[in-house]
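K.L.:
here is a sequence together with a model predicted from it:
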Amino acid sequence: MHWADVEAEKIDSKKPLIATGEAPSGPIHLGHIREVLTGEAISRASDGDLILIVDSFDPLRRSYPFLDDSYVDQIGKPLSEIPCICGEHDNYAEHFMEPFLESLDELGVDLKVKYAHEMYAKGDYEDATRRMIENRDKVAKIIEEETGRELDDDWFPYNPICSRCGEIGNTAVTGFDDPYVIYDCGCGYAGKADIRKAEGKLAWRGDWPARWWILGIDCEPFGKDHFASGGSWDTGKRIIKEILGSEPPHHVVYEWIQLKGEGPMSSSTGVAIKTEDMLKMVCPEVLRFLIMNSKPKTHIDFDPGLGILDLVDEYDHTEDIYFEGGDEDRSRTYELSQVEKVPEKKPQRIPYRHLVNLVQIYEDRDAIWDVALNTGQIQEDRKEDHERFEERADKVKFWLENHAPDMVKFSLKKELPPVDLDEDEKTFLESYLKSLEGCGWKGEDLHRLVHENADETGINKGKAFRSFYKILLGKDKGPRLGRFLSQLEEEFVKQRISEAVSS
RNA sequence: GGGCCUGUAGCUCAGCCAGGUGGAGCGAUCGGCUCUUAACCGAUUGGUCUGGGGUUCGAAUCCCCACAGGCCCGCCA
């Protein structure tokens, strides 16, 4: 059984509510998407509803490498209250959420978004906050027991936002006069915060169980960081039971996604690929496949270089298995990888690695498609397959320009590159040039002539092919020669050969 | 110090939850397509399942103990 179905079975609800969370303190990367897609897979498997809670009311902790110096002044303020970086969004949090939500839409993820700052503003947290404050000592004891740390005597489960300096958590709470939390701020201001409004928030350890309770969360996937002993899961599950009198959700812990050779993804270290960039280099169903194909607790080593080709090949292979009615789990993985529904007919496709060559040879997309039709690689000219092909070609292009290793890249040299041909090669090329007289400039003929001339002049065949790549691409290797040559202007090729021979 | 995960073919991993004669892909090797390869087809090759105990008629799978690696433990997915 697929892991999503296994988890779905464990949830004690017919129409479960599955929660995911994101903190928009920086660019949202591939690692974050695992949380949402893990939750989404379970919601599909359980026919549940998916929500995404945005920690937009959390303060900016520090200045990140991607922020300019002016943001130092914003440290300590809630993300929802900080100006947008580019100026085009309502606030800092929205700046990072917008592209992420767009990506989720492209990935076919159907969810409701809840912003923490709006929940606080609407008073959703009022009851939970009151209970936490009234049970301050019990909550503190749970945290101390689970973490083994000792909390300060003035620890308070609710952090007011200073109404003068706007900072959160820089306050010392001096009293509670329901519904007002009385505080002294480090900036010198003394005031009170209304727990029915967005004038402060629960500390994370209490905030998390509070939201389970408020929203009635049945299941939540979360990262391994929360699951460390004494972590927020350990305290959260006790707080919801002992303070709020309810059960914690079914939990699913997932592992980190690492960038091959560079360690775990993290916005602050810069080891990250933004979600929107991911979707420029692979199709959404392939990105989904990356997540669906690994159990949440397995860590994923993501290789944006050559690994992309393996990933797509594996996706395609899984597609074959699905349409052949093979292996149940892999078929399920394929279903869950789909952005929408599974295609009605098995998609016809050009092998991905081959496509990588084709987009470098042909400038014209239609030419590629026509060749694929002519060679029988694509048997029926279907609209949906053509669209998929166009999409893949776009992704391949982006990948070639941004992530592909040099070994797979080539480009036609407009001028004769510096070459050092020996006599064998020159003799061969000369002979080849002569044999081109009256040739129809067809791929297969051009290819046959390479073999014939190589045999006649006695040159090693590999060397014969290499000589073409050297004078055309400035490399030792390249795409299949005959078809490649046939795409080029006849005069251009002839000119290049004679130039090379006489150099 | 605590926690989670991983250790299976040269490489990447599946199989473990519900124990029943070890799998896939890639690679390599060989062959084919008068077509070089990074494309395609076919075949072959491949492993004391990290080690040691235990439970069992039977263990890659369950239990215990080691060893090695990765990550997490204010906030962070």
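P.N.:
Sure thing, it's come through. Numbers count the residues shown, from 1 in each chain, chains lettered A, B, ... in the order given.
K.L.:
what kind of secondary structure is A:Val252 in?
P.N.:
Under DSSP: H, G, I helix; E, B strand; the rest coil, the three-state class of A:Val252 is strand.
K.L.:
could you do A:Glu452 as well?
P.N.:
When classified by three-state DSSP, A:Glu452 comes out as helix.
K.L.:
that one contacts A:Leu436, correct?
P.N.:
No. The pair A:Glu452 / A:Leu436 is not scored as a contact, 11.5 Å apart, by Cβ atoms under 8 Å. C-beta here means a position set from N, CA and C on the backbone, and glycine is covered the same way.
K.L.:
higher neighbour count, those two?
P.N.:
Comparing A:Glu452 with A:Leu436 by neighbour count (other Cβ atoms under 10 Å), the higher total belongs to A:Leu436, at 17 against 13.
K.L.:
so what's the more buried one closest to, chain neighbours aside?
P.N.:
Closest residue to A:Leu436 in three dimensions, ignoring its sequence neighbours and counting by Cβ to Cβ, 6 or more residues apart in numbering: A:Lys494, at 6.6 Å.
K.L.:
mind listing residues that contact the host helix or strand of that neighbour?
P.N.:
If you go by DSSP states H and E, A:Lys494 is part of helix A:490-501. With Cβ atoms under 8 Å, 6 or more residues apart in numbering as the contact definition, helix A:490-501 has outside contacts at A:416, A:419, A:421, A:426, A:429-430, A:432-433, A:436, A:441, A:471-472, A:485.
K.L.:
residues near whichever residue of the stretch 51-200 of chain A sits closest to RNA strand B, how many?
P.N.:
With Cβ to the nearest atom of the strand as the measure, A:Arg61 is the residue of the stretch 51-200 of chain A nearest to RNA strand B, at 4.4 Å. A count of nearby residues for A:Arg61, using other Cβ under 10 Å, gives 12.
K.L.:
can you pull the contacts of it?
P.N.:
Neighbours of A:Arg61 in contact, by Cβ under 8 Å, 6+ apart: A:25, A:75.
K.L.:
what do you get if the cut-off is 7 Å, keeping everything else the same?
P.N.:
Taking Cβ atoms under 7 Å, 6 or more residues apart in numbering, we find A:Arg61 in contact with A:Ser25.
K.L.:
where's it relative to A:Asp55, distance?
P.N.:
Using Cβ to Cβ, to the nearest Å, A:Arg61 is found at 12 Å from A:Asp55.
K.L.:
before we move on, what about A:Ile350?
P.N.:
Relative to A:Asp55, A:Ile350 is positioned 43 Å away (Cβ to Cβ).
K.L.:
quick check: residues of the stretch 151-300 of chain A near RNA strand B?
P.N.:
A:204-205, A:222-232, A:253-258, A:263-268, A:294-295, A:297-299 (Cβ under 7 Å from any atom of the strand).
K.L.:
and these, which of them are in strands?
P.N.:
Counting by DSSP state E, these place A:222-223, A:253-254, A:257-258, A:263-264 in strands.
K.L.:
buried only: go through those residues for me.
P.N.:
Buried by 16 or more other Cβ atoms under 10 Å: A:222-223, A:254, A:257-258, out of those.
K.L.:
from start to finish, how long is stretch A:163-179 in a straight line?
P.N.:
By Cα to Cα, to the nearest Å, the extent of stretch A:163-179 from end to end equals 16 Å.
K.L.:
so for it, what's the average pLDDT?
P.N.:
Across stretch A:163-179, pLDDT averages out at 92.
K.L.:
which parts of the stretch 401-503 of chain A sit against RNA strand B?
P.N.:
With Cβ under 7 Å from any atom of the strand as the criterion, the stretch 401-503 of chain A meets RNA strand B at residues A:407-408, A:410, A:444, A:447-448, A:451, A:461-462, A:465, A:475, A:477-482.
K.L.:
now, the residues you listed that are in helices?
P.N.:
Among those, the members falling in helices (DSSP state H) are A:444, A:447-448, A:451, A:461-462, A:465, A:481-482.
K.L.:
which single one of those is nearest to A:Ser163?
P.N.:
Among these, A:Leu481 lies closest to A:Ser163 (Cβ to Cβ), at 74.0 Å.
K.L.:
do I have it right that A:Arg205 meets A:Ala140?
P.N.:
No. Applying Cβ atoms under 7 Å, one finds A:Arg205 not in contact with A:Ala140, separated by 9.8 Å.
K.L.:
which of those two has more neighbours?
P.N.:
Comparing A:Arg205 with A:Ala140 by other Cβ under 10 Å, the one with more neighbours is A:Arg205, at 22 against 18.
K.L.:
give me the pLDDT value at that one.
P.N.:
Each residue has a pLDDT score; the one for A:Arg205 is 93.
K.L.:
which residues sit in contact with it?
P.N.:
Contacts of A:Arg205 by Cβ under 7 Å, 6+ apart are A:143, A:232, A:235-236.
K.L.:
quick check: which element contains the closest residue to it other than its chain neighbours?
P.N.:
Take A:Arg205 and drop its neighbours on the chain: the residue closest to it by Cβ to Cβ, 6+ apart is A:Thr235, 5.0 Å away. A:Thr235 is located in helix A:232-242, with elements delineated by DSSP H and E.
K.L.:
that helix vs strand A:250-254, what angle?
P.N.:
Here helix A:232-242 runs at an angle of 170 degrees relative to strand A:250-254 (axes from the mean of the first three to the mean of the last three Cα atoms, to 10 degrees).
K.L.:
helix A:232-242 - contacts with which helices or strands?
P.N.:
Counting contacts by 3 or more Cβ pairs under 7 Å, 6 or more residues apart in numbering; DSSP states H and E, helix A:232-242 packs against helix A:136-147, helix A:204-215, helix A:224-227.
K.L.:
would you mind finding the most buried of those helices?
P.N.:
Neighbour counts (mean count of other Cβ atoms under 10 Å) averaged over each of the helices and strands packed on helix A:232-242 peak at helix A:204-215, with a mean of 23.
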